[in-house]
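Novice: turn this into a structure:
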Amino acid sequence: MGGGETDRHPAKEQDLAKKPAAKKAPKAENPAAIDDPDFDLNSLQEAFEKNKTFDASEEQMLKFYEQMLLIRRFEERAGQLYGLGLIGGFCHLYIGQEAVAIGLQTALDGDKDSVITGYRDHGHMLAYGLDPKVIMAELTGRQAGISKGKGGSMHMFSTEHKFYGGHGIVGAQVPLGAGLAFAHKYNEDGGMTLAYFGDGAANQGQVYEAFNMAALWNLPICFVVEDNQYAMGTATKRSSAETRFYRRGTSFRIPGMEVNGMDVLEVRQAAEVAFKHVREGNGPVLMECNTYRYRGHSMSDPAKYRTREEVQDQKDHHDPIERIKKQLIEKGKSEDELKNIDKGIRAQVSDAADFAENSPEPDASELYTDVLVEEY
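Specialist: Numbering: from 1, shown residues only. Below is the predicted model of the structure:
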């Protein structure tokens, strides 16, 4: 039989037509399960598209430039110390991705809001204003480190600054971030959570369990996919059926946003839109920041899965620091002024490295501390 009229069964259609219309399902008791005709998954993206550039003052732009440059120079020095054997274990650098952390975290309230991320975490700590000295000391395993030298590169932590890691298990930070958001809601402290994860972690099952719970409980959280294109070494198009990660929250009724993660002013504007939505009690947002890391997945990765020409093209045409530097020059800042800022940051990073190298290692007794939570 062909695919035309001969496939139809008139008798069956008549029988179906005689049947009474199906009764409407009773209203669900769970408000989240009720269809909302005004609900629009694209509303945040549409609002963002109307104006994608944050109206920053010259002072704010200079601050963004300084903060991104601090991350860049810090990470470059960390790479050098790793090569010298002063940093052990794994070391994942944030070079190239600076605009994401700075654009988002400058829009947070450091006294209320929580941040959690994966193991590429140095830049996020610097973005939240933590002292480069204690971060470098942690990288080198010293007592003066932010986690007493016991966390290293991948597991830094500071409850005082509401920075909750630094997690080595891929995707583990996403449900933990939902838990932090639940705590903000439960305690009614006005805070929200920013939970970062990568394009590789986006395929983990626990990520979607966290999405479901966050949407069901209307939690104050912004999930951020830092899509640096290659996860641990496999291009997203080879590992992900849906590479537009901001769409991944659709089935959980979580609005998505797609952002150029190489433009700090665009990221900051996206933060303004997304965080307002979250703070007004509208539940979670899923943001995809398209970015690019210049180094391999970690210091032990030679990154042979991409060409040098590709990396150089990103540096030449999309570098986030060079982008804002050009904008500052257009606003009247001189090359000399900006070079002096760079010179000062290099000195600050050198001081941090010297501090770390001259700090003592943890005492052996530290092996027995911070193992269990003793107070609740």
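Novice: for the rest of this, base every contact and every neighbour count on C-alpha atoms.
Specialist: OK.
Novice: all strands of the stretch 201-350 of the chain, in order?
Specialist: 221-227, 256-260, 285-290 (DSSP state E, counting those that start in this stretch).
Novice: ah, wrong one, I meant the stretch 51-200 of the chain
Specialist: All strands of the stretch 51-200 of the chain, identified by DSSP E, counting those that start in this stretch, fall at 114-116, 193-198.
Novice: can you verify my assumption that Val285 contacts Gly256?
Specialist: Yes. Under the criterion of C-alpha atoms under 8 Å, Val285 makes contact with Gly256 at 6.1 Å.
Novice: of the strands of the stretch 201-350 of the chain, which approaches Leu130 most closely?
Specialist: Closest approach to Leu130 among the strands of the stretch 201-350 of the chain is made by strand 221-227 (20.9 Å; C-alpha to C-alpha).
Novice: what average pLDDT does that closest one get?
Specialist: If you average the pLDDT over strand 221-227, you get 98.
Novice: tell me the angle of it relative to strand 193-198?
Specialist: Angle, strand 221-227 to strand 193-198, by axes from the mean of the first three to the mean of the last three C-alpha atoms, to 10 degrees: 20 degrees.
Novice: which residues touch strand 221-227?
Specialist: With contacts defined as C-alpha atoms under 8 Å, 6 or more residues apart in numbering, strand 221-227 is touched by 100, 174, 177-178, 181, 192-199, 202, 214, 245-246, 261, 274-275, 278, 283-292.
Novice: could you do stretch 327-344 as well?
Specialist: Counting by C-alpha under 8 Å, 6+ apart, Glu58, Met61, Leu62, Glu66, Leu69, Lys325 sit against stretch 327-344.
Novice: neighbours around the third one, how many?
Specialist: Just to be clear, that refers to Leu62. 18 (other C-alpha atoms under 10 Å).
Novice: same deal with the fifth one?
Specialist: Residues near Leu69, counting by other C-alpha under 10 Å, number 21.
Novice: contacts only, for it.
Specialist: Per C-alpha under 8 Å, 6+ apart, neighbours of Leu69: Ile321, Asp342, Ile345.
Novice: and if you look at Gly85?
Specialist: Residues near Gly85 by C-alpha under 8 Å, 6+ apart: none.
Novice: please look at Glu258 and Thr291 and confirm they touch.
Specialist: No. Taking contacts as C-alpha under 8 Å, Glu258 lies outside contact range of Thr291: 11.2 Å.
Novice: could you pull out the buried residues of the lengthiest helix in the chain?
Specialist: Assignment by DSSP state H gives helix 58-83 as the longest helix of the chain. Using 16 or more other C-alpha atoms under 10 Å as the burial criterion, the residues of helix 58-83 that qualify are 61-62, 64-79, 81-82.
Novice: can you give me the mean pLDDT across it?
Specialist: Averaged over helix 58-83, pLDDT sits at 98.
Novice: now do it: distance to the chain's middle.
Specialist: Helix 58-83 sits 17 Å away from the centroid of its parent chain (C-alpha atoms, centre = their mean, to the nearest Å).
Novice: per-residue pLDDT, Phe23?
Specialist: One thing to correct before we go on: residue 23 is Lys, not Phe. Looking at Lys23, its pLDDT stands at 43.
Novice: where does the protein have low pLDDT?
Specialist: For the chain, the stretches flagged by pLDDT under 70 are 1-39, 376.
Novice: tell me the bridge partners for the most centrally placed residue in the chain.
Specialist: Among the residues of the chain, Tyr196 comes closest to the average C-alpha position under C-alpha atoms, centre = their mean, at 3.0 Å. Beta-bridge pairing for Tyr196 (DSSP bridges): Val224.
Novice: got the strands of the stretch 51-200 of the chain as CSV, with distance to Leu219 columns?
Specialist: What follows is those, written out as CSV (distance: least, C-alpha to C-alpha, whole Å):
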stretch, distance to Leu219
strand 114-116, 13
strand 193-198, 9
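Novice: out of those, which gets nearest to His317?
Specialist: The nearest among those, by C-alpha to C-alpha, is strand 193-198 at 22.8 Å.
Novice: need the CA coordinates for the closest one. PDB is fine.
Specialist: Extracted C-alpha coordinates of strand 193-198, given in PDB (Å, rounded to 0.1, in the frame of the first residue of the first chain):
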ATOM      1  CA  THR A 193      23.500  30.700  44.000                       C
ATOM      2  CA  LEU A 194      25.700  30.800  40.800                       C
ATOM      3  CA  ALA A 195      26.600  27.200  39.800                       C
ATOM      4  CA  TYR A 196      29.100  26.800  37.000                       C
ATOM      5  CA  PHE A 197      29.700  23.600  35.000                       C
ATOM      6  CA  GLY A 198      31.200  22.800  31.600                       C
END
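Novice: ok and that strand relative to strand 285-290, angle-wise?
Specialist: Going by the same axes, to 10 degrees, strand 193-198 is angled at 40 degrees with respect to strand 285-290.
Novice: what packs against strand 193-198?
Specialist: strand 114-116, helix 173-187, strand 221-227 (3 or more C-alpha pairs under 8 Å, 6 or more residues apart in numbering; DSSP states H and E).
Novice: ranking these by burial, who's on top?
Specialist: Mean neighbours per residue, mean count of other C-alpha atoms under 10 Å, is largest over the helices and strands packed on strand 193-198 for strand 221-227, with a mean of 27.
Novice: distance of Met213 from Asp263?
Specialist: 31 Å (C-alpha to C-alpha, to the nearest Å).
Novice: more neighbours: these two, which one.
Specialist: Comparing Met213 with Asp263 by neighbour count (other C-alpha under 10 Å), the higher total belongs to Asp263, at 25 against 16.
Novice: nice, that's everything, thank you.
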